[in-house]
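Novice: Predicted model and sequence below, questions to follow.
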Amino acid sequence: MDVQDCEYYEARAKDVNLEDITSSEQNAAILARLRDNDPTFTSISIEDRPQDESDFVVHEGDSMGWLGYFVGRSKQVKELHIFSFPDNLKIDAFLRGLGHNRSIQSLHINIDLGEHLQSLCSFLRHNNNLSDLTFEHSIGLQCARNIAVLLGQQSSLKYLSFEDNNLGDGIFVEIATALSTQPQIEELNLFSSNIGRNGCVALGNALDGMRNPNLATLYLDHNGIDDEGLHALVEGLRKCRKLTSLRLSGNRLITGAGLRSLSTLLQSEHCRLEHLGVEQTNMDNDGVAVLAAGLARLPTLKKLDLASNHIGDQGLQALVGGLVNYCNIEHLRLAWNVFSVSGLNSLVELVKRATILKSLNVCGNAVDDEGLQCLVEGIVNCCSLQTLHLSGNHLITAVGLRSIAPFFQSDNCCLVKLELWGVDFGDEGAAALADGLKGNKSLTTLKFTSDGSGITERGWTAFSKLLCDTSSVNNTYLSNHTLERIGGYSMNGTTPDIVEYLTFNKLQKSAAAMCKILVCHPDIDIKPLFQWKLKCLPLVVTWLESARSYLGNVNESTLVFQCRQLSALYKFVRGTPQLAVDGFRGKKIKCIQMMSKKRKLDQTL
């Protein structure tokens with residue numbers, strides 16, 4: 001049956017029993033949804049094991065021809081993922097049926113289709129909606145040549161990915177040559193594809209041969225690119241006037257000579273880069289100085305990643321000198337370099353001017369207490385910083401963490417995440433963080449290694465009191481209701497009471513306060529309210545009614561809560577008995593006076 005043409009399936013589609021052409025109820029249900037053009041069925045995956053209701057798991061008994069036919073005629077499917085295909089089943093029958101589809105926008109292939117790729121020609125030639133094509137599997141030379149042929153028949157692609165393909169130069173040259181006919185591509189992902197000098201030369205030539213290329217994003221991380229390859233690539237990138245994101249991280253053969261070529265690109269008149277990633281290269285202080293000369297002419301840059309590049313104090317000073325004139329940087333990652341306090345003094349000048357800086361990462365450097373104090377001077381008035389990474393700076397102690405308090409308590413503070421992985425700050429550091437975060441309304445995530453930070457019960461108690469001060473109802477209300485995560489991943493090692501308080505904090509702030517009061521104050525002290533006499537009674541009643549909505553969050557029964565309500569009202573009346581009686585008498589007298597006036601009016605009439 002799989003070798004039949006489209007007319008065969010058209011003639012039998014209405015009457016075919018789907019259970020006869022599938023191996024499982026789920027597969028039959030998928031074909032039914034495809035046949036009926038179910039508007040909610042927009043994605044299908046061909047898998048080796050079911051993970052979702054849209055996964056078609058191929059076994060003996062599944063007709064690939066029928067699957068291809070129903071996918072081909074579907075007008076609703078927008079995404080197709082091919083993760084598995086048993087060798088003994090005919091792939092071509094499915095791909096021929098797929099050739100009739102015109103709705104799919106994203107095709108993800110995770111297997112080596114080899115010569116079967118030729119059967120995709122019709123699909124790629126006629127589907128003008130396809131914008132995303134991904135190959136995520138090691139492919140051979142013949143497969144690469146078939147892909148090159150297919151690319152020549154496609155004109156709607158916007159995203160093309162060969163991530164983790166281990167292509168190598170020999171195979172990639174075939175593909176790069178075909179790319180010269182694809183000027184409409186906006187994003188090209190070649191992450192970890194084993195591309196070296198020859199591959200870069202071929203890609204550079206392809207880009208140079210394009211007319212008005214639309215390329216905006218190019219990922220070349222973790223390949224084998226060297227200085228000559230980068231030089232050839234830059235020549236092609238000069239044509240890409242819409243390029244906004246370039247990643248070259250993990251290419252350890254790139255040295256200062258290659259960075260000099262990159263710097264010329266950054267200084268070119270039409271360069272509009274916003275994101276540059278050059279981490280884990282053979283960069284040093286001299287290399288970063290060369291790169292900084294180009295960055296000094298790039299006002300569009302928003303995100304810069306220079307982690308793991310052996311940048312010292314001298315290199316950081318040069319980098320700051322290049323960036324300081326254009327303070328549009330939003331994300332700066334300088335993790336795992338070798339600068340110290342001297343370099344941080346230079347960085348502070350940049351941070352003070354970077355008024356829209358959102359993320360700063362200085363993990364794994366030689367930052368100590370003095371360096372942290374210096375850094376805080378730069379960020380204390382920064383009203384945009386949302387994420388601060390300080391992990392791996394083993395020299396930071398409680399003294400340095402205490403210096404962050406002015407930033408936490410500043411009206412300008414909008415920090416949402418602070419990471420301190422690998423910092424052994426101990427109980428004193430925990431207390432310093434807890435004290436500093438009193439009154440803070442922005443930080444939601446505080447990450448550190450729970451079992452490697454040196455915190456004992458005393459340190460966890462400080463965090464617990466920060467989240468819920470049980471000394472009085474008022475102090476509980478004024479506690480921190482913003483933090484949602486403290487400690488490691490999944491909060492392993494975080495004490496149960498803190499986990500409970502953090503769970504409450506994920507509710508609305510007023511609700512978090514209510515839940516903590518309900519849990520920690522089963523017998524609410526009403527005496528502090530007596531000074532306002534009966535004016536507070538309606539507020540107490542309203543608060544208790546609002547708190548009823550959160551009984552499920554605190555695992556309290558309605559009966560217990562009703563007893564709590566009655567107890568609170570009883571205490572209020574008992575504490576102000578004369579006011580309650582006077583209030584009752586006054587109301588009764590008022591009613592009598594109104595009735596007397598009414599009688600006199602009736603007698604007059």
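Specialist: Yes, it's here. Numbering: from 1, shown residues only.
Novice: Tell me how far H521 lies from Q508.
Specialist: Using Cβ to Cβ, to the nearest Å, we find H521 at a distance of 19 Å from Q508. (Glycine included, C-beta is placed from N, CA and C.)
Novice: neighbour-wise, which of those two wins?
Specialist: In terms of neighbours (other Cβ atoms under 10 Å), H521 is the more surrounded of H521 and Q508; the figures are 14 against 11.
Novice: OK, contacts around the closest residue to that one other than its chain neighbours?
Specialist: Nearest residue to H521 in three dimensions, chain neighbours excluded: V473, at 5.4 Å (Cβ to Cβ, 6 or more residues apart in numbering). In this structure, V473 makes contact with 517, 521, 524-525, 528, judged by Cβ atoms under 8 Å, 6 or more residues apart in numbering.
Novice: Please render those as TSV that adds distance to S103 and pLDDT to the earlier fields.
Specialist: Listed next are the contacts of V473 as TSV, based on distance: Cβ to Cβ, whole Å; pLDDT from 0 to 100:
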residue	distance to S103	pLDDT
I517	55	93
H521	59	90
I524	61	77
D525	65	73
P528	66	71
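Novice: Weed out the non-buried ones from these.
Specialist: With neighbours counted using 16 or more other Cβ atoms under 10 Å, the contacts of V473 contain these buried positions: 517, 524.
Novice: which among the contacts of V473 gets closest to S245?
Specialist: For the contacts of V473, the minimum distance to S245 (Cβ to Cβ) is 48.7 Å, reached by I517.
Novice: can you map out the helices along the stretch 401-550 of the chain?
Specialist: Per DSSP state H, counting those that start in this stretch, the stretch 401-550 of the chain has helices spanning 405-408, 426-436, 457-467, 473-477, 496-505, 509-520, 537-547. These are given in chain order.
Novice: Next, format these as a markdown table and append distance to F70.
Specialist: Formatted as a markdown table, the entries for the helices of the stretch 401-550 of the chain read as follows, by distance: least, Cβ to Cβ, whole Å:
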| stretch | distance to F70 |
| --- | --- |
| helix 405-408 | 58 |
| helix 426-436 | 58 |
| helix 457-467 | 55 |
| helix 473-477 | 60 |
| helix 496-505 | 46 |
| helix 509-520 | 48 |
| helix 537-547 | 53 |
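Novice: and of these, who's closest to C374?
Specialist: Once Cβ to Cβ is applied to the helices of the stretch 401-550 of the chain, the stretch that comes out nearest is helix 405-408, at 12.6 Å.
Novice: Now do the contacts for Q373.
Specialist: When contacts are counted by Cβ under 8 Å, 6+ apart, Q373 is found next to 400, 403.
Novice: ok but it is inside a strand, no?
Specialist: No. Looking at Q373 with DSSP: H, G, I helix; E, B strand; the rest coil, it is helix, so not inside a strand.
Novice: Now tell me what touches stretch 17-27 from outside.
Specialist: So stretch 17-27 is in contact with 1, 28, 31-32, 35, 50, 53, 55-63, 66, going by Cβ under 8 Å, 6+ apart.
Novice: Buried subset of those residues as a ChimeraX selection?
Specialist: Applied in ChimeraX, the following selects the buried portion of the contacts of stretch 17-27 according to 16+ other Cβ under 10 Å:
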select :28,31,35,55,56,57,58,62,63,66
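Novice: Restricted to strands, list the contacts of stretch 17-27.
Specialist: Judged by DSSP state E, strands contain the following of those: 55-57.
Novice: can you tell me which of the residues you listed lies nearest to G378?
Specialist: Using Cβ to Cβ, D55 comes nearest to G378 of these, at 50.8 Å.
Novice: tell me the contacts of the closest one?
Specialist: The neighbourhood of D55, defined by Cβ under 8 Å, 6+ apart, consists of 26, 45-47, 49.
Novice: do R272 as well
Specialist: 241-244, 300 are the contacts of R272 under Cβ under 8 Å, 6+ apart.
Novice: Show me where the stretch 351-500 of the chain dips below the pLDDT cut-off.
Specialist: For the stretch 351-500 of the chain, no stretch has pLDDT under 70.
Novice: That one: strands as residue ranges?
Specialist: Along the stretch 351-500 of the chain, counting by DSSP state E, counting those that start in this stretch, strands occupy 359-361, 387-389, 417-419, 445-447, 485-487.
Novice: now do the stretch 101-250 of the chain
Specialist: When assigned using DSSP E, counting those that start in this stretch, the strands of the stretch 101-250 of the chain occupy the ranges 106-109, 132-135, 159-161, 187-189, 217-219, 245-247.
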